[in-house]
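In: structure for this input, please:
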Amino acid sequence: MATNITFHPGSVSAGERSELLKQRGITIWLTGLSASGKSTIACALEQTLLHRGKFAYRLDGDNIRFGLNKDLGFDGNSRVENIRRIGEVAKLFTDASCITIVAFISPHRADRQTARELHEAAKLGFMEVFVDAPLSVVEQRDPKGLYRKARAGEIKEFTGVSSPYEPPENPDLHLKTDECDVTQAVEAITEYLVTHGYL
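Out: Numbering: from 1, shown residues only. Next comes the predicted model:
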């Protein structure tokens with residue numbers, strides 16, 4: 001880490017920015033197995049919030065892994081660094097009063113906790129959403145054929161098959177996507193945002 005740098009604060013306070021934009025920022029962190037429904041929910045939520053006139057943005061594998069994190073693989077260290085970077089980027093968006101929707105497997109509790117603490121230290125909102133579906137269900141969905149390839153040994157260290165997933169122990173919201181549809185999931189998240197003063 002560079003030591004010859006000095007943080008230079010801006011001239012716009014967090015309160016002023018929120019007042020002018022008429023909203024408070026929060027990071028909504030969707031975590032769960034591949035094919036649990038994270039990206040589908042994230043896309044629908046982003047659209048819902050934008051149509052309500054809110055500044056919202058979605059961060060997921062498609063816009064992070066192909067750009068900012070394209071230098072990272074899927075080994076243990078790369079996965080940790082992947083989530084660290086996402087946490088930092090989400091913090092910047094949320095500091096700008098954006099409702100930031102993060103949709104990543106993020107399999108390790110410690111990495112998700114680090115992201116939460118990063119936000120809490122900056123007095124920024126953070127909501128962990130467990131997008132939960134049984135392994136049998138996500139393997140049946142398998143829209144990209146990834147589980148089939150993992151079972152065949154074609155993909156190494158695949159979360160849920162050959163690499164562990166640590167489910168949240170106390171998420172802010174628990175969505176069982178084998179029991180609810182996308183609309184109901186979005187409604188549940190929206191209700192949380194209303195209850196906590198973000199909408």
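In: what does the helix or strand of the chain with the lowest mean pLDDT contact?
Out: Least confident element among the helices and strands of the chain, by mean pLDDT, DSSP states H and E: helix 61-64 (a mean of 75). With Cβ atoms under 8 Å, 6 or more residues apart in numbering as the test, helix 61-64 has contacts from 39, 82, 85-86, 89, 103-104. Using the backbone N, CA and C atoms, a C-beta is placed for each residue, glycine as well.
In: from those residues, pick the one nearest L199.
Out: Of all these, L199 sits closest to A103, with 19.3 Å by Cβ to Cβ.
In: in the protein, which spans are helices?
Out: 14-21, 38-51, 61-64, 76-95, 109-121, 135-141, 146-151, 182-195 (DSSP state H).
In: which of those has the lowest mean pLDDT?
Out: Of all the helices of the chain, mean pLDDT reaches its minimum on helix 61-64 (a mean of 75).
In: returning to that earlier point: so which of the contacts of helix 61-64 is the most crowded?
Out: Neighbour counts for these, by other Cβ atoms under 10 Å, peak at A103, which reaches 29 neighbours.
In: contact partners for that residue?
Out: 30, 38-39, 41-42, 58-61.
In: distance to G153 for the residues you listed - can I get that in JSON lines?
Out: Listed next are those as JSON lines, based on distance: Cβ to Cβ, whole Å:
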{"residue": "L30", "distance to G153": "29"}
{"residue": "K38", "distance to G153": "25"}
{"residue": "S39", "distance to G153": "26"}
{"residue": "I41", "distance to G153": "30"}
{"residue": "A42", "distance to G153": "30"}
{"residue": "R58", "distance to G153": "32"}
{"residue": "L59", "distance to G153": "31"}
{"residue": "D60", "distance to G153": "27"}
{"residue": "G61", "distance to G153": "22"}
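In: kind regards, and thank you for your time.
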